[in-house]
Structures are given as structure tokens and as C-alpha cells.
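Asks: Just need the structure, nothing else, for what follows:
(chains A and B)
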Amino acid sequence: MTNMAEDLKAEAPFIGAGLAPAPEDRRRTERSRSPRERKKRTTDVVIYAVLVVLVVGLMVPFIWMVSSSLKENNQVLTVPIQWIPSEFVWSNYTDIWTRIPMMGYLQNSLYLAVIITCLQVLTGSLAAYGFSKVRFPGRDVLFLAYIGTIAVPWQAYMVPQYIMMQNLGLTNSFNALILLQAFGAFGVFLMRQYYMTIPDELCEAARIDGLSEYGIWARVILPLSKPALASLALLTFVNTWNDYMGPFIYLTSNRLWTVQLGLRSFVGQFDAEYAMIMTGSVISVIPILAIFLVGQRYFIQGIATSGMKG
Amino acid sequence: MATKTITPAPAVISRGNRKQARHNTLIGWTFILPNFLGFLAFTLIPVLAAFALSFMEWTSFTAPRWVGLENFQRMFQSDTFWVALRNTVAYALGHVPLTMALALVLAMLLNRKLKGIGFFRVAIFFPYITSLVAVAVVWNMLFSPDNGPINQFLNAIGIAETPGWTSSSDWAMPAVIITSVWRDMGYYMVLYLAGLQAIPSELYEAAEVDGASAWQRFWNVTIPSLRPTTFFVVVMLTVSSFKVFDLIVVMTNGGPGRSTTVLSQLIYQEGIGEGKFGYSSAISLVLFLIVLTVTVLQFKIQQRRER
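Replies: Numbering: from 1, shown residues only, chains lettered A, B, ... in the order given. Down below sits the predicted model:
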């Protein structure tokens, strides 16, 4: 099965292309290096230098965030900038938990992100199977409706959604966000893109072997689409975790706030507590960093496959 | 499901096979239904409702009433609407070309076989997925007019009159644009990287044999081969620029004054903030029509180029 997945990847260059390294250069011994290769080597060194400068430059906001989170307040905005705190104020990282209900915010974010991701992946992959492997009248028109709504900016229909949620009595509850975000068209689209690269013959062979359609979905398609499932899960999780406007509109009481709302309100209330605010920012980024480091391959694949969502 | 019959290839529906077709329809729908119910109720219906609402007078205090184009008349006479539209366009004009150019340059730099290249790619992509509020807060502080690191840097390179950034109505929009370019370029870099890796190396080899310089190869091989990617990137960037919302709300909340107020924000303020459902839906419709026009226009340009 794993081999088959590799083959499929080869058939869909766009998916595999994500971060695939360029083909290996021919190896030669030091002595046989031609002037041309020596030139290439010099170029490599220059490129490395450029890249290091570039990446450090782009990382400055993060470096500064971490460094500031370990300072006293009055040391955050000094002239000249102190990149390394003269004294590391680790207590910022213990104090913040008592200053704001950070743990509660983290739990709320986690709860929402996990539920929405699970629902999105489950219903999205089911629907994608229906749209790509079962042929029935009206299917393509229906799929067009899915695609069509991806093109409509969310801001254009957030007001009707809000009125609806208000009438259902769901504002100021997690359920509103779960219902709004778990059944998005994007997941269906992304999964279908991937399923289209899985040959129909595979399903037919499984049908002849006596598997039901649900069996094919569960035992043939799902195992083959692990990379796509991982992409969708990661993208959904991160989007939900980082979402600001959804919770901002729907979650009014403090005990329901997510990390983003909590942090934002902390900034508004205590706008001179620079160091503490930076500490909160670092804490809100850490879970994403962890998830990203584990699954960055799938992020990149998901984006290269679908390109959507932006 | 109770149906456990062996289905022959569902792709083939022979004429005499009505029962099979009905069976397939049933199966297909059971797969789609769990998602479709949620999609129908919370996306499709609201989308359709948004169109209808824009022709209605409806506030949180009054019953809905059909008023035709009244909302649009009011909107076109509203100063705030034009300011928001102009700001949105200004944001797009800054954000789209800058992000695109930097994403392409980064992708070209990173599209090579070097040890540890993956690390650089990942590092540049990382801002795209970091928590939005953290990004906004950190950049707001970097931009701080008095002792902020950015103005200190500008001082150091000899610029004495440093901008007030988010506290100045002239510089707030550039500040937002810089932050959003920094955040987004990694994402588009990935798209360009995928596009670059799909260019067959024979093209470059042939160009080199013909004696093309590096610049000529870039101009005559890379750029034309990337055209589909560029098209896609431009559409995505433009559409996302017109939808800009979160970053502005968190960084400047539309201020100072109305200098960074954008369309999405106006929709939120009028609709959810003040409960003018009909009026805000009219602004929604304008936003949607702009996005649609941009997409269709770019499709047309792309088609003409390919001919």
C-alpha cells in the first residue's frame, strides 16, 4: 500500500513537488572538479550567505518577541535595542498564568480546533468520495455550488450567518463556531483534488472483491490519502487556532475566549506591559510552532495541491 | 447502510440500469450528506440570503421590507463607503505586487539543491501560520514611533525624520502592508516553488546551449513557464487583498481616523455592530462583485495571452 501511495505521488507531480529537493548532482571527487563546478561551489557559498542574512532578517520579529518576553517592561523599548536581556526575567512566564486566564484560553482554542478539525476531515473526506468516485445525476452541479461558495468572500455572508445563529440562540457558544467552520467547502475541495489522482480501477477492483462503497472509502481510499488527510487536518487546525474574527464575533463571554481573543484583550487592557504581552504572544505561538515542525511537509503539500485558502 | 450489493463501476450507467442509477444516487448522497447539511445551512443559504438582504431594509429593530436599490443609493452617497473602498484598493495595490515579487525572488533563491535548504524554506514559510494577534502585536511594537526598533534602524541608516507608522494616518496603511507582505510571502513562495519545480530542466539546457545569459534564461524560460502559476498567484492575492479584515482590525482597527478602514470592516460595523442587516449586505454585494470582476478579468487576460 505504501508503495502504491508513492507511485501515485509520482503521477501527480504538483503534490510531490511541494518541497522535493532537486535531483542529486553527480558526485565527483575533489580532484576531478572542473572549473565550472568550482564556480558552482562559489555560487553556493554566496547563496548560503544571502539566505542566512535573509532568514535572520525575516525572523527578526520573532527573535525580538522572544527576547522582549524575557525582559523587564522598561527594557523592551530602549535605545539602543538590547537583543539579549541584561537579566533574564523568567518570572514573566510564570506570572502570566495568574495575570490572565491563559490556561482557559488555551483549552478553549484546543477544544475548538480539535472538534472542528475532526468534523472537517471526516465529513470532507466522505463528501469528496461521493464527488469523485460515485457517479450519479446532479453530482457535478452540486459540486459547482461548493466551488462557487469558495469564491464568495466570507465577509459577504457573515451577516446572514450571524442573524441565523442569533435566531437559533447559538451566539456566545462554541457550537456556533463549530457549525460554521466544520462543514466548509474547502475541505471537500482539497480532498476531492487528491482523490481524483487515485485511479478508479483501484475502486473497481475492490468492488469486484466484494467491498461496499463504505468499505472502499474506509479501507482503500483513506489509507491511500493519508498525506491529503494530514494536510487538511493541519491546515484546519492552524486556521481555527489562529482565527480571530470568528471568535471575535461569536464569543462574548470571557470564559469562552480563545487564545487570540484573550491576548488581544490583554493588549487593550494593559498596553504598557510590553514584556508580559510578548510573553503571551510567545505562548500563543508555541503550539503552532510545535505542530508546524511535526507536519510542515504536509502543510506545504496541501498548499501546493490546492493553492486555495488565503 | 443495508445495501451491500456489489456495484459494478458506477461510472457506467447503462440505459437498462435504472435501478443501479438509483442505487448510486442513494450511495452518493449518503457520502455527501453529512457535509452537505452543514454546508447548505451555514454557507449556501447565507450566501443566497446575502444577495436578497441587500435589497431589503432590515435592522435589528424593524421587520424586513423590500426597498429595491435604496441601500445602494445610500451607500454611494456615503463618504465612509468611498473611503473604505479607496483604502481597500490602496491596500491591494501595495500588497499584491510586493508580495508577488518577493515570493518569486524567494522561490528562485530557494529552488536549488543545497544542504539544509529545507530549513530556509520552512523558516520563510513560518510567519504565514503564526498566530495573527501575536504578529500584529509584535509588529505594532516594532513600528512604535518613539523607540521602536524599526525607527531606530531608520535613524541608524541616516533617516532623521522617521514615520509615525500606525499612529499617523499617512503611514498606518504602509505599516499594515509591510506586516501583511512579511506574513504572506512564504505562502506564495511555496506556490512559486511548486511552479519552478515543474519546469523541465531541458528547457534551461537548451537555452544554455543557444548561449542565453542568466537574465535571458530567466526572461525567456522561467517567466513564460511560470505564467499559469503567476496567474493563480495574482488572482489569489487580489482576492485575499479585497477581503483583508483580521490584520487591520487587530493592528489599527481602521484608524487613525478612517485611514485604514476597509470594506470588510465596514460590513462588520454596519451589519453586526449596528444591526443594519440590509445596508451592510449591500456593501457585501459590492465586495463580492469586485472580487468576481477581478477573477473574471484575470481569467480573460490569461486566455488572451495563451492564444
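Asks: For chain B, give me the ranges with low pLDDT.
Replies: Low-confidence segments of chain B, defined by pLDDT under 70, are located at B:1-16, B:307.
Asks: Look through the stretch 1-150 of chain B and state the residue closest to chain A.
Replies: For the stretch 1-150 of chain B and chain A, the shortest gap (CB to the nearest CB) falls at B:Gly38, measuring 2.7 Å. Heads up, the C-betas are built off the backbone N, CA and C, glycines and all.
Asks: before we move on, what SS does that residue have?
Replies: Going by DSSP: H, G, I helix; E, B strand; the rest coil, the secondary structure assigned to B:Gly38 is helix.
Asks: how many neighbours does the nearest residue in space to B:Ser167 that is not next to it in sequence have?
Replies: In space, and not counting its chain neighbours, B:Ser167 is closest to B:Pro145: 5.4 Å by CB to CB, 6 or more residues apart in numbering or on different chains. A count of nearby residues for B:Pro145, using other CB atoms under 10 Å in any protein chain shown, gives 15.
Asks: Let's verify B:Pro145: helix, strand, or coil?
Replies: Reduced to three states by three-state DSSP, B:Pro145 is coil.
Asks: and it, what is it in contact with?
Replies: B:Pro145 makes contact with B:151, B:162-165, B:167-168, according to CB atoms under 8 Å, 6 or more residues apart in numbering or on different chains.
Asks: Let's see that with 10 Å instead.
Replies: When contacts are counted by CB atoms under 10 Å, 6 or more residues apart in numbering or on different chains, B:Pro145 touches B:151, B:162-168, B:171.
Asks: Surely the residue of the stretch 1-150 of chain B closest to chain A touches A:Asn175?
Replies: No: shown here, B:Gly38 and A:Asn175 do not form a contact pair, counting by CB atoms under 10 Å, at 11.8 Å.
Asks: Which one's more surrounded, those two?
Replies: Neighbour count, other CB under 10 Å: between B:Gly38 and A:Asn175, B:Gly38 has more, with 21 against 15.
Asks: contacting residues for that one?
Replies: A:119-120, A:123, A:178-184, B:44.
Asks: these two touch, right, B:Pro46 and A:Leu179?
Replies: No: look at B:Pro46 against A:Leu179 with CB under 10 Å: they stay out of range, at 11.5 Å.
Asks: Quick check: neighbours shared by the two?
Replies: With CB under 10 Å, 6+ apart as the test, B:Pro46 and A:Leu179 both reach A:161, A:164-165.
Asks: Could you list which of the residues you listed also contact chain B?
Replies: The subset of these within reach of chain B, by CB under 10 Å from any CB of the partner chain, is A:161, A:164-165.
Asks: can you tell me how far A:Arg297 sits from chain B?
Replies: For A:Arg297, the distance to chain B equals 9 Å [CB to the nearest CB, to the nearest Å].
Asks: Can you lay out the ones next to chain B among the shared contacts of B:Pro46 and A:Leu179 as TSV showing distance to B:Phe76, pLDDT and secondary structure?
Replies: Shown next, in TSV, are those (distance: CB to CB, whole Å; pLDDT from 0 to 100; DSSP: H, G, I helix; E, B strand; the rest coil):
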residue	distance to B:Phe76	pLDDT	secondary structure
A:Gln161	26	93	helix
A:Met164	28	92	helix
A:Met165	30	92	helix
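Asks: how about the residues you listed in a markdown table, adding distance to A:Met103 and neighbour count?
Replies: Conversion of those to a markdown table gives the following (distance: CB to CB, whole Å; neighbours: other CB atoms under 10 Å in any protein chain shown):
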| residue | distance to A:Met103 | neighbour count |
| --- | --- | --- |
| A:Gln161 | 30 | 24 |
| A:Met164 | 32 | 20 |
| A:Met165 | 27 | 22 |
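Asks: just the helices in the stretch 1-150 of chain B please.
Replies: Along the stretch 1-150 of chain B, the segments classed as helices by DSSP state H, counting those that start in this stretch run B:18-39, B:45-53, B:70-77, B:79-110, B:117-129, B:132-142, B:149-156.
Asks: Give me the contact list for the third one.
Replies: Think helix B:70-77. Contacts of helix B:70-77 (CB under 10 Å, 6+ apart): B:53-58, B:67, B:69, B:81-82, B:85, B:266, B:270, B:276, B:278-283, B:285-286.
Asks: Next, the angle from that helix to helix B:79-110.
Replies: Interaxial angle of helix B:70-77 relative to helix B:79-110 (axes from the mean of the first three to the mean of the last three CA atoms, to 10 degrees): 80 degrees.
Asks: Report the distance from helix B:70-77 to the chain centre.
Replies: Distance of helix B:70-77 from its chain centroid, counting by CA atoms, centre = their mean, to the nearest Å, is 27 Å.
Asks: One more: the first one?
Replies: In this view, helix B:18-39 has its centroid 33 Å away from the chain centroid, taken as CA atoms, centre = their mean.
Asks: In PDB, list the C-alpha atoms belonging to that helix.
Replies: Taking Å, rounded to 0.1, in the frame of the first residue of the first chain, the C-alpha atoms of helix B:18-39 are listed here in PDB:
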ATOM      1  CA  ARG B  18     -32.300   2.400 -13.700                       C
ATOM      2  CA  LYS B  19     -32.200   0.500 -10.500                       C
ATOM      3  CA  GLN B  20     -28.400   0.800 -10.500                       C
ATOM      4  CA  ALA B  21     -28.600   4.500 -11.100                       C
ATOM      5  CA  ARG B  22     -31.000   5.000  -8.200                       C
ATOM      6  CA  HIS B  23     -28.700   2.900  -6.100                       C
ATOM      7  CA  ASN B  24     -25.700   5.000  -7.000                       C
ATOM      8  CA  THR B  25     -27.600   8.200  -6.300                       C
ATOM      9  CA  LEU B  26     -28.500   6.900  -2.900                       C
ATOM     10  CA  ILE B  27     -24.900   5.900  -2.100                       C
ATOM     11  CA  GLY B  28     -23.500   9.100  -3.400                       C
ATOM     12  CA  TRP B  29     -25.800  11.200  -1.300                       C
ATOM     13  CA  THR B  30     -25.100   9.200   1.900                       C
ATOM     14  CA  PHE B  31     -21.400  10.200   1.400                       C
ATOM     15  CA  ILE B  32     -22.100  13.800   0.700                       C
ATOM     16  CA  LEU B  33     -25.000  14.300   3.200                       C
ATOM     17  CA  PRO B  34     -23.100  14.800   6.500                       C
ATOM     18  CA  ASN B  35     -21.100  17.600   5.000                       C
ATOM     19  CA  PHE B  36     -23.800  18.900   2.700                       C
ATOM     20  CA  LEU B  37     -26.300  19.500   5.600                       C
ATOM     21  CA  GLY B  38     -23.900  21.800   7.300                       C
ATOM     22  CA  PHE B  39     -22.800  23.400   4.100                       C
END
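Asks: Buried residues of that helix, list them for me.
Replies: By 16 or more other CB atoms under 10 Å in any protein chain shown, the buried positions in helix B:18-39 come out as B:20-21, B:23-25, B:27-32, B:34-36, B:38-39.
Asks: do the same with the fourth one
Replies: Counting neighbours by 16+ other CB under 10 Å, one finds that the buried residues in helix B:79-110 are B:81, B:83-85, B:87-88, B:90-92, B:94-96, B:98-100, B:102-104, B:106-110.
Asks: returning to that earlier point: show me which of B:Pro46 and A:Leu179 is the more surrounded one.
Replies: B:Pro46 (24 against 20).
Asks: List the contacts of the more buried one.
Replies: By CB under 10 Å, 6+ apart, B:Pro46 lies in contact with A:149, A:152, A:154, A:156-165, A:180, B:53.
Asks: Surely B:Tyr204 and B:Gln216 touch.
Replies: No: applying CB under 10 Å, one finds B:Tyr204 not in contact with B:Gln216, separated by 11.0 Å.
Asks: who has more neighbours, these two?
Replies: B:Tyr204 (16 against 13).
Asks: For the helix or strand hosting the more buried one, enumerate the helices and strands it packs against.
Replies: Taking DSSP states H and E as the definition, B:Tyr204 sits inside helix B:201-209. For helix B:201-209, the packing partners by 3 or more CB pairs under 10 Å, 6 or more residues apart in numbering or on different chains; DSSP states H and E come out as helix B:214-217, helix B:223-225.
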